[in-house]
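Visitor: after the sequence you'll find the predicted model.
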Amino acid sequence: MPHDHHDHDHLSPSGHPYRADQDTGLSYWQTMEIAVRELLIDKGVLTADQIARQITAMDERTPANGAAVVARYWTDPEFAAALLQDGRQAVSAMGFDLGPMHLIALPNTPDVHNMVVCTLCSCYPRNLLGLPPDWYKSRAYRARTVREPRKVLAEFGVTLPTTTHVRVHDSTADMRYIVLPNRPTGTMGWDVDQLAALVTRDSMIGTGLPKSVA
Amino acid sequence: MGGTLAGPVPGDDHDFALWEKRVDALMVLCSGKGLFTVDGLRRVLEDMGPEAFASRTYYERWIAAICQNLIEAGAFTTAELAERMSDIEARGQTYADAASR
């Protein structure tokens, strides 16, 4: 994997830090991946080009998509109503195609904090946020988020007042959630691009809050 | 799994290796072609049992589940798979060597 040491923020195109090279020894599962891929290509089921294009398309989906949705939700009341009514339709009009999946937008309020998990596996709004981070798919996050969400939040550095209700939403294969965080104070009059820059990936999963304004 | 006890949430947060991205692409493309469904993927993952979740990584479980579904769909046979995997192992010691033919 190309690794640019002069990269300013050390993030890959998918928004994650680069992982260490894995070219030390071929694993059984890697061998299986190569075999499955080659057999599908040789039998004319897929082409190498289709696979490469799918990887590029996935790399291009980043949390910036979701951040644009949130910023518009904060600034455009008509869009906000549409988003809450039918999430898939509303984001599709912004060019983010979720296919057949339902999208439920979960608005935080001063009294309610929403958090998303997939206890089954890894369902995640990947078209809006890119591939899910490892921790989202980890046994620990999936097991504990529905049992002790406040402790999990604390590990992410988020401590909420005891008066705030924490609502945990468990995803399914047919339906995705995105959290709509509270608009940071001190952002009156900001445009959507300025606002989008405050929206972090974790704030849309519910394990974080937007950046605050100094 | 939901609701069971577990340790701290791991802090790992990295880009994916090429082979993992390819596994992801195979899932999206094969399910898009109707060769199997996400429920088919889930069935094999559930059948693996808790041990597989402790000992294998996410995309290791996925490629096993994709492979099983494709065999069931008749995309290739177990014999073809075994022969191809053995050919690939003979190409070299690293992923880069083994993946080039």
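Guide: Arrived safely. What you see is a predicted model; the values in this text were computed from it and never measured.
Visitor: how near is the residue of chain B found nearest chain A to residue A:177?
Guide: Per Cβ to the nearest Cβ, residue B:2 is where chain B lies closest to chain A, at 3.0 Å. (C-beta placed from N, C-alpha, C; glycine too.) Per Cβ to Cβ, to the nearest Å, residue B:2 is found 15 Å from residue A:177.
Visitor: who has more neighbours out of those two?
Guide: The neighbour comparison of residue B:2 against residue A:177 (other Cβ atoms under 10 Å in any protein chain shown) goes to residue A:177, with 25 against 15.
Visitor: quick one on the thing from earlier: quick one: residues contacting the residue of chain B closest to chain A.
Guide: Residue B:2 sits next to A:117, A:119-120, A:142-143, A:145-147, A:170 when contact means Cβ atoms under 8 Å, 6 or more residues apart in numbering or on different chains.
Visitor: with residue A:83 instead?
Guide: A:69, A:73, A:90-91, A:105, A:180.
Visitor: so which of these are in helices?
Guide: For those, the ones inside helices are A:69, A:73, A:90-91, with DSSP state H as the criterion.
Visitor: give me phi/psi at the residue most central in space within chain B?
Guide: Closest residue to the average C-alpha location of chain B: residue B:63 at 1.2 Å, with Cα atoms, centre = their mean. Note on residue B:63: its backbone torsions stand at phi -70, psi -40 [degrees, to the nearest 10].
Visitor: which residue sits closest to the one residue in chain A that gets nearest to chain B, ignoring its sequence neighbours?
Guide: Residue of chain A nearest chain B, by Cβ to the nearest Cβ: residue A:119 (3.0 Å). Distances taken as Cβ to Cβ, 6 or more residues apart in numbering or on different chains put residue B:2 closest to residue A:119, at 3.0 Å, once the chain neighbours are dropped.
Visitor: likewise for residue B:73?
Guide: Closest residue to residue B:73 apart from its sequence neighbours, by Cβ to Cβ, 6+ apart: residue B:35 at 4.8 Å.
Visitor: and the longest helix anywhere in chain A, anywhere near chain B?
Guide: Secondary structure assigned by DSSP H gives helix A:28-42 as the longest helix of chain A. Yes - applying Cβ under 8 Å from any Cβ of the partner chain, one finds helix A:28-42 touching chain B at A:29-40.
Visitor: confirm the residue nearest to residue A:119 sits in a strand?
Guide: No - with DSSP: H, G, I helix; E, B strand; the rest coil as the criterion, residue B:2 is assigned coil and is not in a strand.
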